[in-house]
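In: okay, here's the prediction I keep looking at, along with the sequence it came from:
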Amino acid sequence: VTEAQVWDALAEIPDPEIPVISLVDLGVVREIEVRNGHVRVDFTPTFLGCPALEVMRDAMADQIRALGAEPQINVCLQVAQ
Amino acid sequence: VNAQEQQLLLEIADDELILGWRDSEWTGIAPLLEEDVAFSSIAQNEIGHARALYELVAREQGTTADELAFDRSPEEYRCAQLVELRLLDWGQTIARHYLYEEADAIRLDALKQSADPEIAGLAAKIDREEAYHRMHAQMWHDRLRDESRYVAALEELRPLLDQRGEHTSELGELLEEMTMVRRSQPAGTKW
């Protein structure tokens, strides 16, 4: 699995609120790291009370498993400098 | 995250959770629809902040955010008496909101300077959202500041900001209500 494949796979997940854009378009995916079949995704929800946080986390994990890799989804709360 | 920091994070998380619940009691009955939506959204944000803070502490303590939020006894909560009260008056509710946001901003500013990047990062994320709560509180404060009932509410509620050692009976009652469904099933139930 390559990092580019993971970005493409995550770009297929619609934003739960605005389905015409993807989670990648939404800008919540911060960083992807691929190592030995493990994929780590850092993502930052748009706001902390976001009720779709678990839905997005599960959808990303499912997409990564479909690529044959083991997902680790981190909720990353550090604001970009 | 040392023990002292964990206590502080829990204190903030408990404030945000309890205040979020109390604010949500206005959903559907606020004085106007725009306010109904706005105040419900603020309540949702506060509970979201509590969730993120509990998750950080839970990881350090080997527990879960849900257990910290729901499964402690009332004495273990560290929230201020200010957030515990069920306020049925809109002016009093705005007075509490204004007092809380003012104090919360100072606390978050300090937390943003934490040497722990995770704590500082979370504080910055929370503060970004609280900025809108502060604008909302300020708008109402400016509108009501000359009303004697509102001024009286500010004076009456202000001392409760620092009352953290003992709780009002209203906290126990609230926790009973909040955990009613959770307690109806055996511990460890997968919801």
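Out: Happy to help now that I have it.

In: switch to C-alpha atoms for all contacts and neighbour counts from now on
Out: Noted.

In: just give the closest residue to residue B:16, not the sequence neighbours.
Out: The spatially closest residue to residue B:16, leaving aside those adjacent along the chain, is residue B:46, at 5.0 Å (Cα to Cα, 6 or more residues apart in numbering or on different chains).

In: packing partners of the strand or helix carrying that neighbour?
Out: Here residue B:46 sits within helix B:33-61, counting by DSSP states H and E. Under the contact criterion of 3 or more Cα pairs under 8 Å, 6 or more residues apart in numbering or on different chains; DSSP states H and E, helix B:33-61 touches helix B:3-24, helix B:65-70, helix B:117-144.

In: quick one: contacts for the residue of chain A found nearest chain B?
Out: Relative to chain B, the nearest point of chain A is residue A:49 (3.5 Å; Cα to the nearest Cα). Residues in contact with residue A:49, defined by Cα atoms under 8 Å, 6 or more residues apart in numbering or on different chains, are B:44-49.

In: if I look at residue B:54, how far off is residue A:9?
Out: Counting by Cα to Cα, to the nearest Å, the gap from residue B:54 to residue A:9 is 31 Å.

In: still on that earlier bit, take the helices and strands packed on helix B:33-61 and lay them out in JSON lines including mean pLDDT and mean neighbour count.
Out: Formatted as JSON lines, the helices and strands packed on helix B:33-61 follow (pLDDT from 0 to 100; neighbours: other Cα atoms under 10 Å in any protein chain shown):
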{"stretch": "helix B:3-24", "mean pLDDT": "96", "mean neighbour count": "21"}
{"stretch": "helix B:65-70", "mean pLDDT": "95", "mean neighbour count": "17"}
{"stretch": "helix B:117-144", "mean pLDDT": "96", "mean neighbour count": "18"}
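
In: okay if I get those as JSON lines plus distance to residue B:156?
Out: As requested, the helices and strands packed on helix B:33-61 are arranged in JSON lines below (distance: least, Cα to Cα, whole Å):
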{"stretch": "helix B:3-24", "distance to residue B:156": "18"}
{"stretch": "helix B:65-70", "distance to residue B:156": "28"}
{"stretch": "helix B:117-144", "distance to residue B:156": "15"}
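
In: so where is chain A shaky, pLDDT-wise?
Out: Applying pLDDT under 70 to chain A picks out residues A:79-81.
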